[in-house]
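*Asks:* Fold the following for me, if possible:
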Amino acid sequence: MNLPNRLTMARIILIPVFMTFLLLKVPKGYTLFPNQDLVAAVIFILAAATDGLDGYIARKRNQVTNLGKFMDPLADKLLVSAALISLVQLGEVTAWIAWIILAREFAVTGLRAIAAVDRVVISASKLGKIKTTTQVIAISAILLHDWPLSLIGIYIGQPLLYIALFFTVISGLDYMLKSRKLLRK
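*Replies:* The predicted structure is shown next:
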């Protein structure tokens with residue numbers, strides 16, 4: 001297994017670690033140790049950073065593989081889904097926003113599966129990349145409780161989540177419109 005695929009697999013392996021740090025509480029809601037939420041946020045950010053890194057290395061070293069083409073978008077969707085579901089449980093994200101984002105992810109994954117039957121690869125679009133970036137930034141801000149801007153009374157996590165939601169819907173519609181012929185079969 002090449003380095004880019006190892007980074008993708010590391011992203012997947014970090015998901016339960018991230019969720020453990022974020023969600024594991026002792027009775028009465030206390031965390032196991034100080035800064036547990038910060039550790040969870042750092043793990044999420046590091047895992048998300050491997051997305052750009054694995055793609056860059058794969059292209060630079062000419063190590064793009066079918067496994068990587070399959071696992072990379074799946075790892076992204078698993079990471080974002082785990083974060084959103086966890087944040088809904090914690091009351092930091094409303095369920096309807098998480099549902100729309102997850103529905104789009106399932107729809108695009110299904111579209112890619114349909115395309116794969118015809119040996120068509122649907123690569124990530126520019127809007128799809130913007131969607132992923134805005135989702136990761138919004139989730140990171142929420143995980144960090146808007147730190148350091150919250151120190152001066154500025155809260156950006158929720159507004160950024162609405163921006164991510166906008167790009168999520170727009171990019172999903174873009175994929176569907178561009179794949180009309182494929183869907184008519």
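
*Asks:* which residue is nearest the centroid of this protein?
*Replies:* Note on the chain: the residue nearest the mean C-alpha position is Val80, at 3.0 Å, using C-alpha atoms, centre = their mean.

*Asks:* show me what contacts that residue?
*Replies:* For Val80, the contacting residues are 101, 105, 132, 135-136, 139, by C-beta atoms under 8 Å, 6 or more residues apart in numbering. Where you see a C-beta, it was placed from the backbone N, CA and C, and this is true even at glycine.

*Asks:* Please apply the same query to Phe44.
*Replies:* 18, 22, 79, 83, 139-140, 143.

*Asks:* ok now the helix or strand hosting Pro73, how far from the chain's centre?
*Replies:* Assigned by DSSP states H and E, Pro73 belongs to helix 66-89. Distance of helix 66-89 from its chain centroid, counting by C-alpha atoms, centre = their mean, to the nearest Å, is 5 Å.

*Asks:* quick one: buried residues of stretch 50-57?
*Replies:* 50-51, 54-55, 57 (16 or more other C-beta atoms under 10 Å).

*Asks:* Just the CA atoms of that stretch, as PDB, please.
*Replies:* Taking C-alpha atoms only, stretch 50-57 is exported to PDB below (Å, rounded to 0.1, in the frame of the first residue of the first chain):
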ATOM      1  CA  THR A  50      -4.600  14.300   5.400                       C
ATOM      2  CA  ASP A  51      -7.300  14.700   2.700                       C
ATOM      3  CA  GLY A  52      -5.300  17.300   0.800                       C
ATOM      4  CA  LEU A  53      -2.000  15.700   1.600                       C
ATOM      5  CA  ASP A  54      -2.900  12.300   0.300                       C
ATOM      6  CA  GLY A  55      -4.200  13.700  -3.000                       C
ATOM      7  CA  TYR A  56      -1.200  15.900  -3.400                       C
ATOM      8  CA  ILE A  57       1.300  13.100  -2.800                       C
END
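
*Asks:* what about the residue nearest to the centre of the chain, distance to Lys131?
*Replies:* To Lys131, Val80 is 10 Å away according to C-beta to C-beta, to the nearest Å.

*Asks:* And the closest residue to Ile12 other than its chain neighbours, how close does it get to Phe166?
*Replies:* Leaving aside its chain neighbours, Ile12 sits nearest to Ala75 (5.0 Å; criterion: C-beta to C-beta, 6 or more residues apart in numbering). Plainly put, Ala75 is 24 Å away from Phe166 if you go by C-beta to C-beta.
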